[in-house]
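show me the folded form of this:
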Amino acid sequence: MTGAEALSQAAPILAEAGIADPRRDAARLLAWVTGADRLGLALTLAMALSAQQRRDFEAAIALRATHRPVSRIIGARLFWGRHFAISDAVLDPRPETETLVAAALELPWTEVLDIGVGSGAILLSLLADRPEARGTGTDCSVDAKAVAAGNAARLGLEHRVTLCVADWFPPRRDFDLIVSNPPYIPSADIAALAPEVRDHDPPGALDGGPDGLAAFRQILAGAGARLRAGGHILLEHGPGQEPAIAAIAGLNGLGPVRSLADMDGRARVAKIGPIADPSRF
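Okay, here's the model as predicted:
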């Protein structure tokens, strides 16, 4: 069986399972199984698959038909131009989160804290693009910390990263920038999410409590005391949450607050600061 024949058989299986772009996903999985990059896939289509490649491809298609995301099948996600290993212990990084990275790189900072570091996609992307900087990442999951540490080592950034198992903040208190993509989906909305998200992302990385704002209350209650003068906070959030986040920031003496839009024009990131006088927190 050639790659083209395997692809022709696989795409209808995914279509019947309700996969939105079945041929694209089947092609990505074929490229992964055969070791071909996207430019080399055309050559793979004309070649005969080995028995092992055929078995691996069929197994990958069967997994995708259950709505397991392609990134979780191959164990990696492309984010901000780099590949990050992921596991079931971490959130699968989304393209809209790159809005936060772009905003952070426009600010002056040398020490950054990422709360809920997960795979390290945000923190490590920032450090890779700012060679003089150092970063700290916290996560409540030991397994997530291990994934982030592995990604830091693969990118050659381990000497500039400190990773801590903690619910929110590390012991140190002198950051220029705090970033986070916290859980922000209201608990009652979880069941309606796409199965790729609902059934495969860690529940703790999705569920933001009854109103989706529980993590923001925790972060904004403690962030001011961890920042240097002139520091900023960048928080990814869900649709329509920006007024409530601004109100929480105000209650904690933080401001000003500005909302930043993602590539689709939707409010996506709350930019808070600069913080004029951290000593008052």
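
give me the buried positions along the helix-or-strand element of the chain with minimal mean pLDDT.
Lowest by mean pLDDT, DSSP states H and E among the helices and strands of the chain is helix 41-46, with a mean of 82. By 16 or more other C-beta atoms under 10 Å, the buried positions in helix 41-46 come out as 41, 44-45. In this view, the C-beta of every residue, glycine as well, is placed from N, C-alpha and C.

ok, stretch 140-148 next?
141, 144-145, 147-148.

now do that stretch: everything it contacts.
Residues from elsewhere that reach stretch 140-148 (C-beta atoms under 8 Å, 6 or more residues apart in numbering): 85-87, 89-90, 116-120, 123-124, 137, 139, 161, 163-167, 202, 204.

show me the contacts for the residue nearest the centre of the chain.
Nearest to the geometric centre of the chain sits residue 93, at 2.6 Å (C-alpha atoms, centre = their mean). By C-beta under 8 Å, 6+ apart, residue 93 lies in contact with 77, 79, 84, 86, 118-119, 121-122.

in the stretch 51-200 of the chain, where is pLDDT below threshold?
By pLDDT under 70, the stretch 51-200 of the chain contains no weakly predicted segment.

show me where it has helices.
51-65, 70-74, 98-104, 121-129, 142-154, 195-198 (DSSP state H, counting those that start in this stretch).

so can I have JSON lines of the ones you listed showing distance to residue 274?
Output for those, formatted as JSON lines (distance: least, C-beta to C-beta, whole Å):
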{"stretch": "helix 51-65", "distance to residue 274": "45"}
{"stretch": "helix 70-74", "distance to residue 274": "36"}
{"stretch": "helix 98-104", "distance to residue 274": "13"}
{"stretch": "helix 121-129", "distance to residue 274": "18"}
{"stretch": "helix 142-154", "distance to residue 274": "28"}
{"stretch": "helix 195-198", "distance to residue 274": "34"}
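
pick the most deeply packed of the ones you listed.
Comparing the helices of the stretch 51-200 of the chain by mean neighbour count (mean count of other C-beta atoms under 10 Å), helix 121-129 ranks first with a mean of 24.

identify, by residue count, the longest strand of this protein.
Using DSSP state E, we find that the single longest strand of the chain is strand 227-236.

which other helices and strands contact that strand?
helix 98-104, strand 175-180, helix 214-222, strand 267-272 (3 or more C-beta pairs under 8 Å, 6 or more residues apart in numbering; DSSP states H and E).

tabulate the ones you listed (CSV), appending distance to residue 49.
Output for the helices and strands packed on strand 227-236, formatted as CSV (distance: least, C-beta to C-beta, whole Å):
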stretch, distance to residue 49
helix 98-104, 35
strand 175-180, 43
helix 214-222, 46
strand 267-272, 41
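
in contact with residue 13, which residues?
Applying C-beta under 8 Å, 6+ apart, we find residue 13 in contact with 22, 61, 65.

what do you get if the cut-off is 6 Å, keeping everything else the same?
Applying C-beta atoms under 6 Å, 6 or more residues apart in numbering, we find residue 13 in contact with 61, 65.

distance check, it against residue 130.
44 Å (C-beta to C-beta, to the nearest Å).

what lines up beside the longest strand of the chain in the sheet?
Strand 227-236 has the following strand partners under DSSP bridges: strand 175-180 (parallel), strand 267-272 (antiparallel).

using CSV, list the CA coordinates for the last one.
So the one you mean is strand 267-272. The C-alpha coordinates for strand 267-272 follow below in CSV (Å, rounded to 0.1, in the frame of the first residue of the first chain):
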residue,chain,number,x,y,z
ALA,A,267,-10.3,40.2,23.5
ARG,A,268,-7.9,37.6,24.7
VAL,A,269,-5.2,39.0,27.1
ALA,A,270,-5.5,41.4,30.0
LYS,A,271,-2.5,43.7,30.3
ILE,A,272,-2.2,45.1,33.8
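
before I go, just wanted to say thanks for your time.
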